[in-house]
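> attaching a predicted model along with its sequence, questions to come.
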Amino acid sequence: MSNNSHIAFIGLGHMGGPMAANLVRGGFAVSAFDLSEAALGKAREAGVTIAPSAAAAAEGAAVVISMLPASRHVERLYLGGEGEADEGLLARLATGALVIDCSTIAPAAAQRVARAAAARGLAMIDAPVSGGTAGAAAGTLTFIVGGAAEALERARPVLQAMGKNIFHMGEAGAGQVAKLCNNMALGVIMAVTGEALALGVAHGLDAQALSQMMAVSTGRSWATEVCNPWPGVLPNAPASRGYSGGFGNDLMLKDLGLAVEAALGSGAAVPLGELARNLYAINSQAGRGALDFSSVVQVIAKPPLG
């Protein structure tokens, strides 16, 4: 795929904005749309051409990329709403165009959109990401892909401009399933790491010393080494700056909800996933939904950390 190919990018939030900017830096011509004027302004400064609507951004595009909050937004974008006047973006794309949805959504929703795309002669992959806002800015994201191998090969040069790892997990929806598996494990591990640290501190242990021991023992994880949930243990972790930044608690809650929903649809058992979802829900109800998900330790620690 030539770097001169026209790419439309829909959704310029904390993840989508830096991803679109990296495409421009990679030599691609990018037109984009977002509902936020602030997001559009940042994208414009990065060299992205701003369009007045999603349809306008996608006009003549060889590739359309979306990074949206939830299943309903993705389905509305591509399939449209009720009535003929709102037919959705798939109906406007030229035969042979490639659609890449990087949102984290329900696998069933990804499959519905993929079927509709195939019916119109379009190629589509679901390609949710891992790596967070730092990875989006640095161009080091991991793409977790579902869809036909041929579509992935067409998408590969585009994905490589935004990330460094690409995993093909299977057919349509498989990328979403794999992403939910990863994030369910992450959510459970973060909660139990906070629980272990709270237990140690309750017995008089120093949280930093306990974390250092765990980081070189069998209890080691990303939660002990990179995003430790206990304030003061790692100076650059969200916990040491009031849990600001990072991956929001409500985003983790959304992903755990999707994982539990997927489990119900397949008959799989996810008891720890369900328990973790409940903890993050309690954390959200306590007013910490916008804070980093490591703030879930506040639900566990007694008394809550200040």
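Perfect, thanks for sending it. Small disclaimer: the values here were computed from a predicted structure and weren't measured.
> distance of residue 163 from residue 53?
27 Å (CB to CB, to the nearest Å). Yep, even glycine has a C-beta here, placed from its N, CA and C like the rest.
> those two: who's more crowded?
Using other CB atoms under 10 Å as the criterion, residue 163 and residue 53 rank with residue 163 on top: 23 against 11.
> look up phi and psi at that one.
Dihedral pair for residue 163: phi -160, psi 180, per degrees, to the nearest 10.
> do the same with residue 30
Given degrees, to the nearest 10, the pair of backbone angles that residue 30 has is phi -120, psi 130.
> same deal with residue 127?
Note on residue 127: backbone dihedrals following degrees, to the nearest 10 are phi -140, psi 60.
> and what of residue 123?
Torsion angles, degrees, to the nearest 10, at residue 123: phi -90, psi 140.
> residue 52 contacts residue 33, correct?
Yes: the pair residue 52 / residue 33 is scored as a contact, 7.4 Å apart, by CB atoms under 8 Å.
> those two: who's more crowded?
Counted by other CB under 10 Å, residue 52 and residue 33 do not tie: residue 33 has more neighbours, with 23 against 8.
> give me the pLDDT value at the more buried one.
With respect to pLDDT, residue 33 scores 98.
> and what of residue 9?
Value for residue 9, per-residue pLDDT: 99.
> that one is in what secondary structure piece?
strand 6-10 (DSSP states H and E).
> okay, now the unreliable bits of the chain?
Within the chain, the stretches with pLDDT under 70 are 1-4, 82-86, 304, 306.
> what about the strands in it?
Taking DSSP state E to define them, one finds strands in the chain at 6-10, 29-33, 49-50, 63-66, 98-101, 123-126, 129-130, 141-146, 163-170.
> in its sheet, what does the first one sit against?
For strand 6-10, the paired strands and their directions (DSSP bridges) are strand 29-33 (parallel), strand 63-66 (parallel).
> need the winner for burial among those strands.
Across these, averaging neighbours per residue (mean count of other CB atoms under 10 Å) puts strand 63-66 on top, at a mean of 26.
> apart from its neighbours in sequence, what residue is nearest residue 269?
Nearest residue to residue 269 in three dimensions, chain neighbours excluded: residue 263, at 6.9 Å (CB to CB, 6 or more residues apart in numbering).
> report the contact partners of the one you found.
Shown in contact with residue 263 (CB atoms under 8 Å, 6 or more residues apart in numbering): 269-270, 273.
> tabulate those residues (JSON lines), appending distance to residue 259.
Formatted as JSON lines, those follow (distance: CB to CB, whole Å):
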{"residue": "269", "distance to residue 259": "12"}
{"residue": "270", "distance to residue 259": "6"}
{"residue": "273", "distance to residue 259": "5"}
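> ok, so of these, who is nearest residue 43?
residue 273 (35.3 Å; CB to CB).
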